[in-house]
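In: 3D, please:
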Amino acid sequence: MRRFTLEAVEWLLAQDVKLLVLACNTATARALDPVRERSSVPVIGVVRPGAVAAAAATRSSHVGVIATAGTVESNAYPDAILEAAPKIEVSQLACPELVPMVESGVLDGRRAETVLRAYLEPMLIAEPQIDTLLLGCTHYPLLGPVIERLVGSGVSVVDSAFTTALAVEDLLDAIGARAPAGAPVRHRVATTGDADAFVGVASRLFGTGLPDVEVVRIGAEGSVPLD
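Out: Numbering: from 1, shown residues only. Purely as a prediction, here's the structure:
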């Protein structure tokens, strides 16, 4: 994960970007520090913004985190939450079924509710009870409506992706790098994998209208766009 992240970052830096976002919790947990050491531009990871928001949201000082196994194993969220508020108790749960479920387009309905209920109910009934649930994977907000129904109004759901977007906005303002109002916007999308597979997943999640997707090769031989 760390090596692949660093290779992807090298390709992104070569595109003359003004800011980098590690929009993956596992990549942030495993590689944020070495990425910052190599980067010539500011770097934002998704862990700290979500952790700070969860620490601010909790009233009982008991926060739950659901994430991928890699993120849970890294202990990145408990470390970041305790840095923000040392007295908070953090319960973590790895949810390996959720990313494949989201990428297959299952965002609601009986299957989504059954899988989520199996993960969340033990966390919700454990003592002391959580009053804040942090979604520690950028796929999970797509399941947000189901999660919010299952946890109920007594539990605040914190979206690490949304809080990261706010942090990006604040940083762009701080460094004077925000694009002028009304400036034309062009989205460029690249993948290191199969473009058709990428477009298939993205279309199921976000609808049609994606720009053309580039396929790039990264690694020891350098970053080379593929025809």
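
In: rest of the way, CA atoms for contacts and neighbours
Out: Noted.

In: ok now stretch 127-135, how far from the chain's centre?
Out: Put simply, stretch 127-135 sits 19 Å off its chain's centre (CA atoms, centre = their mean, to the nearest Å).

In: quick one: contacts of that stretch?
Out: By CA atoms under 8 Å, 6 or more residues apart in numbering, the residues outside stretch 127-135 that reach it are 50-51, 54, 57-67, 123-124, 141, 154-160.

In: List the residues that contact the one residue sitting closest to the centre of the chain.
Out: Central residue of the chain (CA atoms, centre = their mean): Thr138, 3.0 Å from the mean position. For Thr138, the contact set (CA under 8 Å, 6+ apart) comprises 23-25, 160-161.

In: could you dump those to JSON lines with secondary structure, pLDDT and neighbour count?
Out: As requested, these are arranged in JSON lines below (DSSP: H, G, I helix; E, B strand; the rest coil; pLDDT from 0 to 100; neighbours: other CA atoms under 10 Å):
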{"residue": "Ala23", "secondary structure": "coil", "pLDDT": "92", "neighbour count": "18"}
{"residue": "Cys24", "secondary structure": "coil", "pLDDT": "91", "neighbour count": "18"}
{"residue": "Asn25", "secondary structure": "helix", "pLDDT": "89", "neighbour count": "27"}
{"residue": "Ser160", "secondary structure": "helix", "pLDDT": "88", "neighbour count": "28"}
{"residue": "Ala161", "secondary structure": "helix", "pLDDT": "87", "neighbour count": "24"}
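
In: Save those residues as CSV, and put in distance to Asp33 too.
Out: Output for the contacts of Thr138, formatted as CSV (distance: CA to CA, whole Å):
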residue, distance to Asp33
Ala23, 15
Cys24, 14
Asn25, 13
Ser160, 19
Ala161, 19
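
In: what's the longest helix in this structure?
Out: helix 109-125 (DSSP state H).

In: Could you list the buried residues of it?
Out: Neighbour-count burial for helix 109-125 flags 112-113, 116-117, 119-120, 123-124 (criterion: 16 or more other CA atoms under 10 Å).

In: Tell me which other helices or strands it touches.
Out: When contacts are defined as 3 or more CA pairs under 8 Å, 6 or more residues apart in numbering; DSSP states H and E, helix 109-125 packs onto helix 144-151.

In: what are the ranges of the strands in the protein?
Out: Using DSSP state E, the strands found in the chain span residues 20-22, 43-45, 62-67, 89-94, 132-135, 156-159, 189-191, 213-217, 224-225.

In: can I get those in CSV with mean pLDDT, mean neighbour count and distance to Glu169?
Out: Output for those, formatted as CSV (pLDDT from 0 to 100; neighbours: other CA atoms under 10 Å; distance: least, CA to CA, whole Å):
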stretch, mean pLDDT, mean neighbour count, distance to Glu169
strand 20-22, 95, 18, 11
strand 43-45, 95, 22, 11
strand 62-67, 97, 24, 24
strand 89-94, 96, 19, 28
strand 132-135, 97, 26, 20
strand 156-159, 96, 22, 16
strand 189-191, 93, 14, 20
strand 213-217, 91, 17, 25
strand 224-225, 38, 12, 30
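
In: Is it possible to get TSV of these that adds distance to Val106?
Out: Putting the strands of the chain into TSV (distance: least, CA to CA, whole Å) gives the following:
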stretch	distance to Val106
strand 20-22	25
strand 43-45	27
strand 62-67	18
strand 89-94	19
strand 132-135	17
strand 156-159	19
strand 189-191	22
strand 213-217	23
strand 224-225	32
